[in-house]
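J.: Structure of the sequence below:
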Amino acid sequence: MKLIKPIFQILQITSAACPFISAFAPSLASLSMFIPFAFFGIVVLSCYCYCRPTPVFLIDYSCFKPSPDRKCTYGVAESFVRRSRRFRPESVEFMRKIYLKSGLGDETYGPPLMFRTDYEEARLESAKQEAREGIFSAVDSLLAKTAVHPQAIDVLIVTCGSFSLSPSLSSVIVNRYKLRPDVKAYDLSGMGCSSGVLAIDLAAKILRHSGNVHYALVVITESISMNWYSGDNRSMLVSNCIFRVGCAAALLTREPAHRPAAKFELVRSLRTHHGADDRSYRAAFQEEDDEGNTGIALTKDLVRAAATNLHEHIKILAPRVLPLSQLVSYARLALISALSRGHVKPVVPDFMTSFEHICIHTGGKAVIEKVAQVMQLSDWATEPARMSLHRFGNTSSSLVFYELAYFEAKRRIERGDRVWMLAFGTGFKVGSLVWRSLRSSGEEEEEDNPWNDCICRYPISAG
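T.: Take a look at the predicted model:
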């Protein structure tokens with residue numbers, strides 16, 4: 001107001017000398033009343049722009065697709081098991097039954113050691129060959145189609161749940177692509193099938209909070225070779241039946257200039273850790289059996305842990321993504337459930353009102369079915385998960401990107417659609433990524449989409 005008073009004094013002096021200004025003085029006086037409101041609006045807008053998270057864009061991604069001679073049919077898997085002579089007949093029969101009801105088809109891919117004429121125990125070189133094939137293929141394809149030079153990469157994140165090299169896998173990539181000496185490299189391990197989602201979340205946080213970082217390359221892989229179990233513990237034999245070869249690479253940026261070329265914008269991410277609960281912590285556990293054979297035990301608590309911890313996860317996620325009408329309905333039903341002291345079961349909100357597409361980590365047929373039951377999802381919503389399990393098997397943390405590729409191959413994604421990636425990992429961890437599509441699928445032909453040669457056959461009945 002101290003500034004406004006001198007303005008009126010000037011107007012009074014000049015209006016006496018100039019009738020023209022005098023004619024506009026009342027208008028200027030009334031306009032001055034709005035100056036405080038305009039100032040307040042500018043402050044609010046400035047605060048919003050300052051507090052709003054820096055946008056992070058997924059420029060593109062690539063999924064590794066091995067050559068046809070690496071297809072792991074039931075016959076190939078059975079032949080490898082019998083050549084090993086490491087299993088009792090009842091264990092072979094158990095794996096046969098698990099495989100036949102797993103939801104896997106005959107076009108998944110196995111590691112190189114499965115296709116050797118003579119049986120050979122997995123060695124370090126076997127795992128290194130498997131890792132190099134997947135990583136180099138996915139990264140080569142990604143860099144080629146984005147036209148981003150390796151020297152432009154500021155951040156490199158490599159995640160592999162249960163295989164660690166020295167030098168690390170990130171060092172393998174730095175050496176292969178001659179990345180800059182100041183590249184920020186991270187290697188993640190031990191986080192199971194959720195690590196791909198968690199790695200994207202980490203990359204987004206680095207991009208948003210680091211001043212001179214423009215590109216982040218995320219590589220998501222797993223080693224089947226070093227995790228083949230050669231004992232007779234049934235909870236450990238399951239992993240032999242469902243895990244298959246896969247790898248994905250994704251390139252992210254925060255540069256607004258790349259928005260027109262990007263496929264998706266990361267709207268929200270959430271990660272929750274439920275390891276304080278002992279049963280959840282041991283639901284999937286790497287250990288030695290009674291004979292000293294190392295394997296990953298997938299216990300009977302795994303499906304329960306996925307369902308229980310998913311409930312806890314969506315309690316946090318729901319208020320952040322659901323429309324107001326769903327939130328009100330959810331709060332009312334939750335209150336009724338609480339007042340009934342457990343006699344009325346809590347109702348899960350309809351997340352399909354927030355997302356057009358859902359990529360559920362396909363840990364296995366039972367996990368997909370349990371998530372569908374908890375979330376009350378239709379067969380159409382779980383179709384990409386079931387078809388990805390059938391075509392590629394459980395490729396661990398990279399599989400959500402094979403599901404995203406399924407949507408794109410089917411040309412179901414429209415500009416503005418929201419996509420929810422949901423993954424579970426050992427520990428027990430649950431991770432979510434919420435993407436907004438920046439362009440419709442099918443606008444450009446994707447030569448490296450892993451579904452190109454078979455999408456016309458899907459969906460199929462996977463049993």
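
J.: Buried residues in stretch 67-82, which are they?
T.: Of all the residues in stretch 67-82, those buried under the rule 16 or more other C-beta atoms under 10 Å are 70, 72, 76, 77, 80, 81. Using the backbone N, CA and C atoms, a C-beta is placed for each residue, glycine as well.

J.: Just the ones in helices from those residues, please.
T.: Counting by DSSP state H, the part of the buried residues of stretch 67-82 found in helices is 76, 77, 80, 81.

J.: list the contacts for the second one?
T.: If you count contacts by C-beta atoms under 8 Å, 6 or more residues apart in numbering, residue 77 has them with 99, 110, 114, 241.

J.: What separation do you get for the closest residue to residue 167 other than its chain neighbours and residue 99?
T.: Using C-beta to C-beta, 6 or more residues apart in numbering and skipping the chain neighbours, the partner closest in space to residue 167 is residue 175 (7.9 Å). Separation of residue 175 from residue 99 (C-beta to C-beta, to the nearest Å): 38 Å.

J.: the helices in the stretch 51-200 of the chain, which residues?
T.: Taking DSSP state H, counting those that start in this stretch as the criterion, the stretch 51-200 of the chain carries its helices at 74-84, 89-100, 124-146, 169-177, 195-209.

J.: what's the most buried one of these?
T.: helix 195-209 (a mean of 22; mean count of other C-beta atoms under 10 Å).

J.: so how far is it off the chain centroid?
T.: 10 Å (C-alpha atoms, centre = their mean, to the nearest Å).

J.: Also stretch 146-165?
T.: Here stretch 146-165 is found 16 Å from its chain centre; the criterion is C-alpha atoms, centre = their mean.

J.: in that stretch, what's buried?
T.: 146, 148, 150, 153-163, 165.

J.: who are the neighbours in contact with the most centrally placed residue in the chain?
T.: Central residue of the chain (C-alpha atoms, centre = their mean): residue 197, 3.3 Å from the mean position. Each residue near residue 197 by C-beta under 8 Å, 6+ apart is listed here: 269, 271, 361, 397, 400, 421, 422, 423, 431, 432, 433.

J.: Try it again at 10 Å.
T.: Shown in contact with residue 197 (C-beta atoms under 10 Å, 6 or more residues apart in numbering): 159, 191, 220, 269-271, 359, 361, 397, 400-401, 421-425, 429-433.

J.: same deal with residue 271?
T.: Residue 271 neighbours (C-beta under 10 Å, 6+ apart): 191, 194, 197-198, 201-202, 313, 316, 423, 425, 429-433.

J.: Take those and keep only those in strands.
T.: 423, 425, 429, 430, 431, 432, 433 (DSSP state E).

J.: Can you select the buried ones from those residues in ChimeraX?
T.: Filtering the ones in strands among the contacts of residue 271 down to the buried ones (16+ other C-beta under 10 Å) takes a single ChimeraX command:
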select :423,425,429,430,431,432,433
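
J.: Among the ones in strands among the contacts of residue 271, find the lowest-pLDDT one for me.
T.: Minimum pLDDT for these is recorded at residue 425 (90).

J.: What ranges does the stretch 351-463 of the chain have for its strands?
T.: With strands called from DSSP state E, counting those that start in this stretch, the stretch 351-463 of the chain shows them at 357-360, 418-425, 429-437.

J.: Out of those strands, which is closest to residue 87?
T.: strand 418-425 (27.9 Å; C-beta to C-beta).

J.: what are the pairing partners of the closest one, and which direction each?
T.: strand 357-360 (parallel), strand 429-437 (antiparallel) (DSSP bridges).

J.: what's the distance between it and the middle of its chain?
T.: The answer for strand 418-425 is 5 Å, by C-alpha atoms, centre = their mean.

J.: Please save the CA atoms from it in PDB.
T.: Listed next in PDB are the C-alpha coordinates belonging to strand 418-425 (Å, rounded to 0.1, in the frame of the first residue of the first chain):
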ATOM      1  CA  ARG A 418      -2.200 -44.300 -17.800                       C
ATOM      2  CA  VAL A 419      -0.200 -47.500 -17.200                       C
ATOM      3  CA  TRP A 420       0.400 -49.100 -13.800                       C
ATOM      4  CA  MET A 421       3.500 -51.300 -13.400                       C
ATOM      5  CA  LEU A 422       3.300 -53.500 -10.300                       C
ATOM      6  CA  ALA A 423       6.000 -55.800  -9.200                       C
ATOM      7  CA  PHE A 424       6.900 -58.000  -6.100                       C
ATOM      8  CA  GLY A 425      10.400 -58.900  -4.900                       C
END
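
J.: For that strand, buried residues please.
T.: Using 16+ other C-beta under 10 Å as the test for burial, strand 418-425 gives 418, 419, 420, 421, 422, 423, 424, 425.

J.: Nearest to residue 228 among those residues?
T.: When the buried residues of strand 418-425 are compared against residue 228 (criterion: C-beta to C-beta), the nearest one is residue 425, at 20.3 Å.

J.: Once you drop chain neighbours, what's closest to that closest one?
T.: Excluding the flanking residues, the one nearest residue 425 by C-beta to C-beta, 6+ apart is residue 194, at 2.8 Å.

J.: For that neighbour, give its distance to residue 201.
T.: For residue 194, the distance to residue 201 equals 10 Å [C-beta to C-beta].

J.: Between these two, which contacts overlap?
T.: 271, 431, 432.

J.: Check which helix or strand the residue nearest to the last one when sequence neighbours are not counted maps to.
T.: With C-beta to C-beta, 6+ apart as the criterion, residue 432 has its nearest non-adjacent residue at 4.5 Å, and that residue is residue 270. Residue 270 belongs to strand 264-273 when elements are defined using DSSP states H and E.

J.: Just the buried positions in that strand, please.
T.: Of all the residues in strand 264-273, those buried under the rule 16+ other C-beta under 10 Å are 264, 266, 267, 268, 269, 270, 271, 272, 273.

J.: Torsion angles phi and psi at the residue nearest to residue 387 when sequence neighbours are not counted?
T.: Excluding the flanking residues, the one nearest residue 387 by C-beta to C-beta, 6+ apart is residue 458, at 4.9 Å. Residue 458 has phi and psi values of phi -110, psi 150 when expressed as degrees, to the nearest 10.

J.: Quick check, residue 458 in contact with residue 406.
T.: Yes - under the criterion of C-beta atoms under 10 Å, residue 458 makes contact with residue 406 at 7.5 Å.

J.: between the two, what contacts are shared?
T.: Common neighbours of residue 458 and residue 406 (C-beta under 10 Å, 6+ apart) are 383, 384, 387, 388, 391, 451.

J.: can I assume the first one is in contact with residue 362?
T.: No - using C-beta under 10 Å, residue 383 makes no contact with residue 362, being 11.3 Å away.

J.: Quick check: neighbours shared by these two?
T.: residue 403.
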